[in-house]
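Asker: Based on what follows, work out the 3D shape:
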Amino acid sequence: MTPQIAALRIGRSIIGVEADMDQLLVKSSQLMIEMASARAATGVEAHTLQQPMVRVANLQRSLMEARSELVRAHRDLSNLAEKMDIGFQCPDSASLEGETHAARHSAAGTLATLA
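Answerer: Numbering: from 1, shown residues only. Just a heads-up that it's a prediction; the model follows:
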């Protein structure tokens with residue numbers, strides 16, 4: 001495997017993990033909304049759902065910490081690709097096992113400008 005192919009594969013994977021993390025954050029936020037709405041709609045006393053809501057809030061905090069580590073890993077990989085002179089642009093589209101994927105980021109610096 002060439003370094004360029006490895007960079008493309010790693011880039012595709014890290015972008016996928018970032019999207020999955022975002023979806024977990026969305027779903028945990030939706031869960032929190034559902035819990036608070038259900039408590040209010042059913043008239044259950046506030047203390048009844050306090051501990052589960054705190055646990056979901058802790059989950060969200062952990063997800064954000066994990067997401068921050070992922071962004072740091074992405075930045076580190078981007079820096080490594082730059083040092084290895086793998087700074088090419090990904091194609092506008094690519095196909096893998098019959099699927100088409102739009103490539104929106106360069107292999108060497110997807111989040112480097114954001115991190």
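Asker: Now the host helix or strand of Gln30: average pLDDT?
Answerer: In the assignment (DSSP states H and E), Gln30 maps to helix 3-42. Per-region confidence: helix 3-42 scores 95 on mean pLDDT.
Asker: What about Gly11, how many residues nearby?
Answerer: The tally of other residues near Gly11 (other Cβ atoms under 10 Å) stands at 23. Where C-beta positions appear, they are placed from N, C-alpha and C, glycine not excepted.
Asker: For it, give its distance to Gly43.
Answerer: Gly11 sits 51 Å away from Gly43, going by Cβ to Cβ, to the nearest Å.
Asker: For Met84, give me its contacts.
Answerer: Each residue near Met84 by Cβ atoms under 8 Å, 6 or more residues apart in numbering is listed here: Pro3.
Asker: what does Ile33 give?
Answerer: So Ile33 contacts nothing (Cβ under 8 Å, 6+ apart).
Asker: thinking again about what came up before, quick check: buried residues in the helix holding Gln30?
Answerer: For helix 3-42, a neighbour-count test (16 or more other Cβ atoms under 10 Å) marks 7-8, 10-12, 14-15, 18, 21, 25, 28, 32, 39 as buried.
Asker: now the residue of the chain positioned farthest from its centre: how far from Met32?
Answerer: The centre of the chain is farthest from one residue, Gly43, which by Cα atoms, centre = their mean lies 36.0 Å away. Going from Gly43 to Met32 by Cβ to Cβ gives 19 Å.
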